[in-house]
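[1] Provided below for reference: sequence and predicted model.
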Amino acid sequence: MSENLINKGDRGFYHKKNPLNDLTGKEWIYFTNSMLETDFDNEEEFKDWLNYISDSVIDTRYSTSGEDGFEHKLRKQHPTPKPPQLMRDIIAFFTKEEQTVLDPFMGVGGTLIGASLINRNAIGIDLDKKYIDIYKEVSKKLGYKIQKTYVKDALKIDKIKPLSEIQVDAIITDPPYANMMSKAKTGGDKTKKNEIGTLTPFTENKDDIGNLDYFEFLNSLKIIIEKSLLLLKEKGYLIVFTKDLQPTKQHHNMLHADIVQKLSEIDGLNYKGFKIWYDKSLNLFPYGYPYSYVSNQLHQYILIFRKG
């Protein structure tokens, strides 16, 4: 009998190197503690990992002023700037120090700033030079490394020559939510009965996939992700932020589900699950009051895929 096996009678054999089979609660606690003590170089790092995978909802209320605001007054010129702290934590989970993250929809660089905070390299692409310039200005003001950026259409990512020679460790991105931002706003921006708020598209560029029809958007996003995956290392993760639109009679508009379905058509890309980001800083509005139910969209889906 192997020296690693202990006879537990009716309960079978206990393997010293794999003692997870048929354990009692006390044994679970003992073994978990002993793993933390002996099998991991960094106990705190393992506990952070365990906490991260245990929580399906990330709820935050980040400051938009002072040091923790990361020059929010500049970054908010983009319709949906991502908090660098949120991106930092996601990048930290899916990559290691000095590895490289790609964001083909970088906007004002929440992903890139998040990478700079924890000694990661990053590459950002955006159609609008204005947003990239804001990112650079913010990084300069805060004293952060200015990561590599390209003013390009993400649909042509395969035409960016310097990228043809590199491999990235993760892709973390926040694409447009179909044509949500090119629709007229209501609710908080509605000042009078039957008055429609202003349009807030990401750009006026006809090539911006945020200005496309819902289903055209899905097809274009698939093409962009397919091309981006050529740069991703095997077993690397793809993280996609998205938000559902209000349902209509024509379609449910559960964008997160449609993105999962569309990207799952890509050979070699496997959907692994999702987390929900609940942004507590957003305000509730009484949409539909007092005659109908209209949901508040205070959360976003963080869709997780893996290559290979």
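    Yes, it's here.
[2] so what's the residue count around residue 176?
    If you count neighbours by other Cβ atoms under 10 Å, residue 176 ends up with 25. Glycine gets a C-beta too; all of them are placed from N, C-alpha and C.
[3] that's a helix at it, yeah?
    No - using DSSP: H, G, I helix; E, B strand; the rest coil, the secondary structure at residue 176 is coil, not a helix.
[4] which of the three states applies to the residue nearest to it when sequence neighbours are not counted?
    Excluding the flanking residues, the one nearest residue 176 by Cβ to Cβ, 6 or more residues apart in numbering is residue 210, at 3.0 Å. What three-state DSSP gives for residue 210 is helix.
[5] what about residue 210, neighbour count?
    22.
[6] kindly report the same for residue 254.
    15.
[7] wait, what's in contact with it?
    244, 247 (Cβ atoms under 8 Å, 6 or more residues apart in numbering).
[8] and it, how far from residue 292?
    19 Å (Cβ to Cβ, to the nearest Å).
[9] same thing with residue 180?
    On the measure of Cβ to Cβ, residue 180 and residue 292 end up 20 Å apart.
[10] have a look at the two and say which one is more surrounded.
    residue 180 (23 against 7).
[11] ok, the more buried one touching residue 242?
    No - the pair residue 180 / residue 242 is not scored as a contact, 9.9 Å apart, by Cβ atoms under 8 Å.
[12] what secondary structure does residue 277 sit in?
    Residue 277 ends up strand, using three-state DSSP.
[13] any idea how far residue 178 is from the residue nearest to residue 176?
    8 Å.
[14] repeat for residue 69
    Counting by Cβ to Cβ - residue 69 and residue 178 are separated by 29 Å.
[15] check residue 249 too.
    For residue 249 relative to residue 178 (Cβ to Cβ), the value is 17 Å.
[16] hey, which helix is longest across this structure?
    helix 214-229 (DSSP state H).
[17] partners of the helix or strand that comes right after it, with directions?
    In the C-terminal direction, the helix or strand that comes right after helix 214-229 (DSSP states H and E) is strand 232-242. Pairing partners of strand 232-242, with direction, according to DSSP bridges: strand 168-173 (parallel), strand 299-307 (antiparallel).
[18] point out the most buried one among those.
    Most buried of those, by mean neighbour count (mean count of other Cβ atoms under 10 Å): strand 168-173, with a mean of 24.
[19] angle of that one against helix 214-229?
    Here strand 168-173 runs at an angle of 160 degrees relative to helix 214-229 (axes from the mean of the first three to the mean of the last three Cα atoms, to 10 degrees).
[20] for strand 168-173, C-alpha coordinates in CSV please.
    Output of strand 168-173 as CSV, limited to C-alpha atoms (Å, rounded to 0.1, in the frame of the first residue of the first chain):
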residue,chain,number,x,y,z
VAL,A,168,-1.3,38.8,-24.9
ASP,A,169,-2.2,37.0,-21.7
ALA,A,170,-5.8,38.3,-21.5
ILE,A,171,-8.3,40.4,-23.3
ILE,A,172,-10.5,42.5,-21.1
THR,A,173,-12.9,44.9,-22.8
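[21] gap between residue 122 and residue 207?
    Note on residue 122: its distance to residue 207, by Cβ to Cβ, is 23 Å.
[22] for residue 131, that is, sorry about that
    15 Å.
[23] compare the two (neighbour count), which wins?
    Legend: neighbour count by other Cβ under 10 Å for residue 131 and residue 207, higher for residue 131 (24 against 13).
[24] work out for me the element the more buried one sits within.
    Using DSSP H and E, residue 131 sits in helix 129-142.
[25] against which helices or strands is the next helix or strand after that helix packed?
    Downstream of helix 129-142, the first helix or strand assigned by DSSP H and E is strand 148-151. In terms of contacts (3 or more Cβ pairs under 8 Å, 6 or more residues apart in numbering; DSSP states H and E), strand 148-151 is packed against strand 121-126, helix 129-142.
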